[in-house]
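>>> sequence plus predicted model, see below.
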Amino acid sequence: LRLTLRNLGYQVRMGFSAMVGEIAVSGSMIAGNFVFMHYLGESGVAAYSVACYSIPFIFLMANGIAQAGQPIARFAHGTGNKERLGESRRLMMRWAIIAGSLLSAAMYFMAPYVSMIFLSPGDPAFQICERGLPYYGLGILAITINIALIGYMQSIEQSARASIYSLLRGFVIVIPAFVLLPMLIGEIGMWLAIPVAEAITLAIILAGWKRE
């Protein structure tokens, strides 16, 4: 019984950052809906909903890369095989960068076509979405890298750091970004809130690794 409880404690601690990452998806949607409604009304919310539809797909793709690499990294960490561990990290980063770059470019250059899937071209929401999606797409690369790095940290038992970074990107940075950026740069700031939050989180992660 004690062994079971200990293992449950390990699982909860190691999986906390993954839970926060899942919750962060809905947190970004809720915060964005309030901000878009406040500044742009129903048309703004309709436009932002197109981005909301894409968030789960981006998260699932990035999380798939992280989960594919986790067993390899976990085994290498457990056996002390640093060469194999570094190889698994590079592999996760390589695919996160490739997938994130492709999705980011697609969202940036194909914003009108993505908007057209959900909205009518004559709708005011379509114009808002067409203007904003390219800015939102700038953050997809950082999203995929952050999720992959956090998944890697889970694999090497850095659960506290992984949880802190998940909280940063999901709540601590993104909510103030949604509040402050529209006040500073207007409509574009609403679309840049998530990209800015992800970029800041990525900078913090890389700075921490460099310091180590």
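Cool, the structure landed.
>>> could you report the neighbour count for the residue nearest to Gly151 when sequence neighbours are not counted?
With sequence-adjacent residues excluded and distances taken as Cβ to Cβ, 6 or more residues apart in numbering, Gly151 is closest to Ala66, at 2.7 Å. Backbone N, C-alpha and C define where each C-beta goes, glycine included. When neighbours are defined as other Cβ atoms under 10 Å, Ala66 has 25 of them.
>>> where does Ala66 sit: helix, strand or coil?
Three-state call for Ala66 (DSSP: H, G, I helix; E, B strand; the rest coil): helix.
>>> ok now do it, which residues does it touch?
Neighbouring residues of Ala66 by Cβ atoms under 8 Å, 6 or more residues apart in numbering: Met92, Ile147, Ala148, Ile150, Gly151, Tyr152.
>>> narrow these to those in helices?
Those of the contacts of Ala66 mapping onto helices are Met92, Ile147, Ala148, Ile150, Gly151, Tyr152, per DSSP state H.
>>> are any of the contacts of Ala66 buried, and which?
By the neighbour-count criterion of 16 or more other Cβ atoms under 10 Å, those include these buried positions: Met92, Ile147, Ala148, Ile150, Gly151, Tyr152.
>>> who touches the fifth one in this structure?
Neighbour list for Gly151: Ala18, Asn63, Ile65, Ala66, Gln67, Gly69, Gln70, Met92, Ala162 [criterion: Cβ under 8 Å, 6+ apart].
>>> can you lay out the buried ones among the contacts of Ala66 as a markdown table showing pLDDT and distance to Leu119?
A markdown table is the format used below for the buried ones among the contacts of Ala66 (pLDDT from 0 to 100; distance: Cβ to Cβ, whole Å):
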| residue | pLDDT | distance to Leu119 |
| --- | --- | --- |
| Met92 | 94 | 35 |
| Ile147 | 92 | 28 |
| Ala148 | 93 | 31 |
| Ile150 | 91 | 33 |
| Gly151 | 90 | 34 |
| Tyr152 | 92 | 37 |
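>>> strands of the chain, start to end?
Taking DSSP state E as the test, none of the chain falls into strands.
>>> residues near the closest residue to Ile128 other than its chain neighbours, how many?
For Ile128, ignoring the flanking residues on the chain, the nearest one in space by Cβ to Cβ, 6+ apart is Ala47 at 3.8 Å. Ala47: 28 surrounding residues under other Cβ under 10 Å.
>>> so what's Ala47 up against?
Counting by Cβ under 8 Å, 6+ apart, Ala47 touches Phe36, Leu40, Ser115, Leu119, Ala125, Phe126, Ile128, Cys129, Gly132.
>>> and what of Ser166?
Phe16, Ser17, Ala18, Val20, Gly21, Ala24, Ile150.
>>> mind telling me the two of the residues you listed farthest from one another?
Spanning the widest gap among these are Phe16 and Ala24, at 12.4 Å by Cβ to Cβ.
>>> tell me where the chain has helices.
All helices of the chain, identified by DSSP H, fall at 2-79, 82-109, 111-118, 124-137, 140-155, 159-167, 174-185, 187-211.
>>> deepest-packed of these, please.
helix 140-155 (a mean of 26; mean count of other Cβ atoms under 10 Å).
>>> check the offset of that one from the chain's centre.
A distance of 8 Å separates the centroid of the chain from that of helix 140-155, by Cα atoms, centre = their mean, to the nearest Å.
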